[in-house]
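Q: Need coordinates for the following:
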Amino acid sequence: MAEHTSIEPEQLLLIDLETVPQHASFTSLPDAWKGLWADRVSKTMPENSDPAEMYEQRAGIHAEFGRIICISTGFFYTDAGGRRCFRLRSCNHPDEKTLLADFIGQADAFRKKNPRFSFAGHNIREFDIPFICRRLLINQLPLPDFLDFSGKKPWEVNLVDTLQRWKFGDHKNYSSLQLLAHALGIETPKADMDGSMVKDVYYKEKDLERITAYCERDVVAVAQVLLRFLHLPLMPAANIFVAPKS
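A: Numbers count the residues shown, from 1 in each chain. You can find the predicted model right below:
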């Protein structure tokens, strides 16, 4: 996958997702899945890794063993007063199939209004987009054409990935969104959690709204990073809005 060389902010649908293991712990996995996870660990994890420990740490980032609990989206627009604004909306239904259908409907509606649209996000090329596509198939939902990149030419792929742009061709480099934002002088709100806490906040605290707020903050951070890449003014907090829940 490659990304578009020119960026039109109002044509971007920014996304970020949060995932957790499908089961709260390794011991609650069905026996067949325990064996499959142990096999996965033996091929991709450090030697002598404990499958139960690695399940706690890593299962949520593998589409076969994890699931999506929130997808937050955002888009730029210009208001009646000529201000650049940003609007957030999150899909966080407890049923993953319903969540995915909601997201696809939202993305399709945005595409119809913005025929030159691209998805945008941080590391979406290697994580968010493939994870969504795999979970669509696992949930027996059709893969929409705007997510099916098989056989497409590089210029036909509608992705803008801030991680890839920051790499500048250096495939060894990885920078987290938080590091990139700080490097570019972008202040991010002090968060009460980070990605390593999502599983426990979901399964132990059962606080999906807290996770959603965390996911939305990441979408805003990506939006500001993109504006910095484009040499455009950052948005003040007063220009950022969250859509009411439907």
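Q: mean confidence for the longest helix belonging to the chain?
A: Ranked by residue count and defined by DSSP state H, the top helix of the chain is helix 208-229. The average pLDDT within helix 208-229 is 96.
Q: and residue 85, that one's in a strand?
A: Yes. Counting by DSSP: H, G, I helix; E, B strand; the rest coil, one finds residue 85 located in a strand.
Q: doesn't residue 234 make contact with residue 84?
A: No. Using CB atoms under 8 Å as the test, residue 84 is too far from residue 234 to be in contact (9.6 Å). (C-beta placed from N, C-alpha, C; glycine too.)
Q: Those two - which one has more neighbours?
A: Taking neighbours as other CB atoms under 10 Å, residue 84 and residue 234 compare with residue 84 leading, 18 against 15.
Q: Contact partners for the more buried one?
A: 9, 76-78, 232-233, 235, 239 (CB atoms under 8 Å, 6 or more residues apart in numbering).
Q: okay, now residue 133: neighbour count?
A: Residue 133: 17 neighbours (other CB under 10 Å).
Q: Same check on the one 3 residues further on?
A: Close neighbours of residue 136, defined as other CB under 10 Å, add up to 22.
Q: Check the secondary structure at residue 89 for me.
A: strand.
Q: Name all residues that make contact with the nearest residue to it once chain neighbours are set aside.
A: Closest residue to residue 89 apart from its sequence neighbours, by CB to CB, 6 or more residues apart in numbering: residue 243 at 4.1 Å. Shown in contact with residue 243 (CB under 8 Å, 6+ apart): 87-89.
Q: Can you tell me which of the residues you listed lies closest to residue 210?
A: residue 88 (15.4 Å; CB to CB).
Q: Would you confirm that the closest one contacts residue 72?
A: Yes. Using CB under 8 Å, residue 88 is in contact with residue 72, at 6.3 Å.
Q: so residue 74 makes contact with residue 220?
A: Yes. Between residue 74 and residue 220 there is a contact at 6.9 Å, judged by CB under 8 Å.
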